[in-house]
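J.: Structure for this input, please:
(2 chains)
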Amino acid sequence: MIKAIIWKELLQYRRDGRILAVLLITLALGFAATLNSWSTVETQQRERQAAVASDRATWDNQGKKNPHSAAHFSRYAFQPTSSLSVFDPGLKDYMGSAIWLEAHYRDPATLRSVEDAVEIQRFARLTPAWILQVFAPLLAILLAFAGIAAERERGTLRQIMSSGVPPQHLFVGKAIAALCIVGLLAPSVIAAVALAANTHDEVGLPGTGGRLAGIVLSYILYIGAFTFAAIGISARVAKSKTALVVLVGFWAASVVFVPRLASDVGSALSPAPSAADFQARMSDDASGAFWGGSEEAQQRRADVEANVLKQYGVDKIEDLPINYDGYLLQESEEFANGVFDRYYDELWGTYEAQSDIVRLFSIVSPTLALSNISSALAGSDLFAHRHFADSAELFRRDFVKLLNEEMIQKGGQDGYGYMADNDFWQTNPDFTYTPPPLGAVMSNIWVDILVLLGWTFAALLLAFRGVRFSFKQEAVA
Amino acid sequence: MSVQAITSQEKKALKTEPMQLVLLVTFLIASLYAVLQGTFFRQAQMEAITSFTAAQEESIGAWRDRLIAVENGTTAPTEDRWAGLAMDVTFPATISPGPLSDLAHGVSDVKPAASRVSLWRSVDRLFGNYQFQSPIDTAAGAFDLAFVIIFIMPLLMIALSYDALSEDRELGRLGLLLSQPISIRQLVAARLKVRFGAVAVIVLIACLVGLIAGSAGQDIGARLPFMGIWLLVAAAYFALWAALIAWAISLNLKGETTALLLAGIWIVNGLVGPASLSAAAEGLYPTPSRLAFLSEAREASAAAYKSQADIMQGMLLDHPDLTAENYSIPEYIRTAFLVNKTVDDSVVPILAKFDAVQAERRSFLSKLQFAAPSVLTLQAFNLAAGTDLERHIAFEKSVRDYKQSVAEAVEGNVIVGERLSLAQYDALPRFYHQGPTVSGALGSIFIPVLFLLALSTLLGTIAHANLGNLQNRIREN
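T.: Numbers count the residues shown, from 1 in each chain, chains lettered A, B, ... in the order given. The predicted model follows:
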């Protein structure tokens, strides 16, 4: 019987020009989005490769230079773009892609793509994930909104009941038929995956297979939730017209309005600091408190001097076997690192609190839960960015220490006049980055997974009970 | 039943029908929320600018006081060799928040609004370390009044009125209604007037609240003309949707089909259109690589550092008057100036290329924006609010030009190692960036508004004719 219902539904869909039109438009948009996204990711990966090579070449050919001058010039850490970003670029455009690893300061990531984008890009971004998050549920609604209500309006529900079809069979038949049609969007996803495999991903996300499987599963759950909800609402309301208005309203709220509202409420409750204020405070606490003219700063430097003299058992700086300027610089770095940790922990904490507030809103919008899961698995979310930024910061500390050590050990009494040979730069290491393992990513999105599962289960329940309810209503009428 | 009776019945329904009431109240809350968050956003922008300017002025004030002390003889020149150091001249350069940045944030939440113009920084680093905004917030976009009007308002208008005619026909009471002294045109017009009127009143209330709340502590009169222009844009967009809905109703389709048609137009207008236009603009006019730009700037900087002696020699050949040297100023200061000057000379043409590509892209979009009224309206809102991309790009360019003008003015002092005199300092140019003007804003939105109104008139005329034909067909039957 279920098979017969599925065939009947599929036949009906084939005759409905509106469904065919929406399906074809969505597919076309999906392919366009895939090509657009692939081209962007390819370009980003190529540009990064060239930038990494250029950074190395520039560093290697500085000529004779004081290591501290070199530490000011320093190097850059360039964030890799994962291949899965072809499918979902997530927050990539809104987070910088290059971090300057200079001495004395922890810089934020710069070169955000959004700053070069046109104003309307923030309305909508043509990516495969966006197409599926926005249009796949709409297609599911279009397919299922009339599922039960139209049967009732036409009087065919009674006929179905009289032929002995149990409500669960009707529900399963209609749901499978609708999901089969939405499944026709799969070629655009397959194209995205195929193109993703053909990018120049240098870094490679750990557990790409698992991530891909997770993405596919989460989208199936998401589309399922909308399909079941559409059948459930269709069964509960009197007219298919009402079902359509309610479902489109829910879709618009879930996909368009709530995500904006959620992030807005998030930033109101957990505001990010003003850039100028944050920068000034951090600079004062990290640099001013060590190098400044305050009593506290002078005492701090005096303590450093006293300690190093004691350590080497000499009375004067001039008697030290090391370069004292280099030593003081490294001490200032050690001091500042604690300050950077404090400030950046606070900054990341603000973002993460916002993220948690947005997550709360996923209770009313499954799109938020899905988008968190999707971007996390694609390696383009806030967690991935923080992981990269923290790794770059650890490298910065080691790198600046290496340069200071060169000055300390080889600079003798030359102070800032010490010049390292060009050969030295060529022995310095590169920043290598390994993205977080899948387990770490999953531990960060388990709540979103639960919420999405909850949505799907609730929609399933709504649909199942709705169809049973409509059978009872019809029997009473 | 007369027109008056229909009108009063509609007004009563607005107050008593739970669905309509819920929709209207939700819209009112969303509008007021958007206005309030906009007010906080604008206040934060103003506070950030004020505190940044105050901090910079305090810093340069201290620099000036030391110079005065040396010139007065309070401090001996040998006691403070850094006083009046030309290289240390800094000025704040800021862009004032747009007059209606609370109503349409535009790009003002991602673009830099302040710069500390210092000769220690090359032009590519004038806007450093401002990227502390939350990526979650910037990615989602603002929930401002512009968003509410562009997205939520049309959807509400559709939900309230898609069945303004079809419901009567589907319930079989259209014939009865038309047997009264009322035409179909009058019936539809009376209904739409009341339903759309309620929406318009809410928008007006929100604008009024926004005007007052956003002007706290400022001259409301200065904002008023911009608000007039902003309302003109809002009214044109509102008229377009009113005419579009009237046209859809006049097609005399089933209620469900009318709802689907209008929802489809809403999706194309608000989502598909902007996404496709944005992708096309980026595809056809790709921004030059920022990473490549960074590499070029670093290469230029490294090369300038290595060949500083040659650069100095060249400078002295061009300016033999700069041969007098004050060796009390360390060499590295002159080196830093020359290196930055060389970097500036090499990156300015690249930055000009960025500006040119962005100008081409904006020009392309300014033609294609007529394909999607939401894009047209967003650009017009931002122009009227002073938060458009053009204004921010012009600000960045004027800061770069300003830095170069200051560098040229003090070049001699830096090279020779001569302190600035107070008279020289006071004669240095101060940064000024022209804010948006009423005539400029009016000129920019004139054609878009005219287009929206022309389209509304066309659709309204077609709807009028369709309803007349429908009336004739019903009479003939």
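J.: Need the pLDDT of the spatially most central residue of chain A.
T.: Computing the C-alpha centroid of chain A and ranking residues by CA atoms, centre = their mean puts A:Asp381 first, at 1.4 Å. Per-residue confidence at A:Asp381 stands at 95 (pLDDT).
J.: wait, doesn't it sit right on A:Asp88?
T.: No - between A:Asp381 and A:Asp88 there is no contact under CB atoms under 8 Å: 9.1 Å. C-beta here means a position set from N, CA and C on the backbone, and glycine is covered the same way.
J.: list residues touching both of these two?
T.: Each of A:Ser375 lies in contact with both A:Asp381 and A:Asp88 under the rule CB atoms under 8 Å, 6 or more residues apart in numbering or on different chains.
J.: how many neighbours does A:Ala129 have?
T.: As a burial measure, the neighbour count of A:Ala129 was computed by other CB atoms under 10 Å in any protein chain shown and equals 27.
J.: Find the nearest non-adjacent residue to it, please.
T.: Once its chain neighbours are removed from consideration, A:Ala129 has its nearest residue in A:Asp88; the separation is 3.6 Å (CB to CB, 6 or more residues apart in numbering or on different chains).
J.: was I right about that neighbour contacting A:Ala378?
T.: Yes - in this structure, A:Asp88 is within contact of A:Ala378 by CB under 8 Å, at 4.1 Å.
J.: Now for the two: what residues contact both?
T.: Common contacts of A:Asp88 and A:Ala378 (CB under 8 Å, 6+ apart): A:129, A:215.
J.: What segments of the stretch 201-350 of chain B are helices?
T.: In the stretch 201-350 of chain B, helices defined by DSSP state H, counting those that start in this stretch lie at B:220-250, B:255-267, B:273-284, B:290-306, B:308-318, B:331-368, listed in chain order.
J.: Name the residues of the stretch 151-300 of chain A found near chain B, please.
T.: Counting by CB under 8 Å from any CB of the partner chain, the residues of the stretch 151-300 of chain A lying close to chain B are A:240-241, A:244-245, A:248-249, A:252, A:256-257, A:259-264, A:266-268, A:271-280.
J.: Pull out the buried members of those residues.
T.: Applying a neighbour-count criterion of 16 or more other CB atoms under 10 Å in any protein chain shown, the buried members of these are A:240-241, A:244-245, A:248-249, A:252, A:256-257, A:259-264, A:266-268, A:272-276, A:278-280.
J.: Can you flag which of these belong to helices?
T.: Using DSSP state H, the subset of those located in helices is A:240-241, A:244-245, A:248-249, A:252, A:259-264, A:266-268, A:275-276, A:278-280.
J.: For chain B, give me the ranges with low pLDDT.
T.: Low-confidence segments of chain B, defined by pLDDT under 70: B:1, B:217, B:309-329.
J.: need the longest helix for it.
T.: What stands out as the longest helix in chain B, according to DSSP H, is helix B:18-72.
J.: now B:Leu208: how far from chain A?
T.: As judged by CB to the nearest CB, to the nearest Å, B:Leu208 and chain A stand 22 Å apart.
J.: So A:Tyr343: helix, strand or coil?
T.: The three-state assignment at A:Tyr343 reads helix, by DSSP: H, G, I helix; E, B strand; the rest coil.
J.: Helix, strand, or coil at B:Ser115?
T.: Applying three-state DSSP to B:Ser115 yields a three-state assignment of strand.
J.: list the contacts for it?
T.: Contact partners of B:Ser115, counting by CB under 8 Å, 6+ apart, are B:92-94, B:126-127, B:399.
J.: Any quick ChimeraX command for the buried ones out of those residues?
T.: The following ChimeraX line selects those of the contacts of B:Ser115 that are buried, judged by 16+ other CB under 10 Å:
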select /B:92,93,94,126,127,399
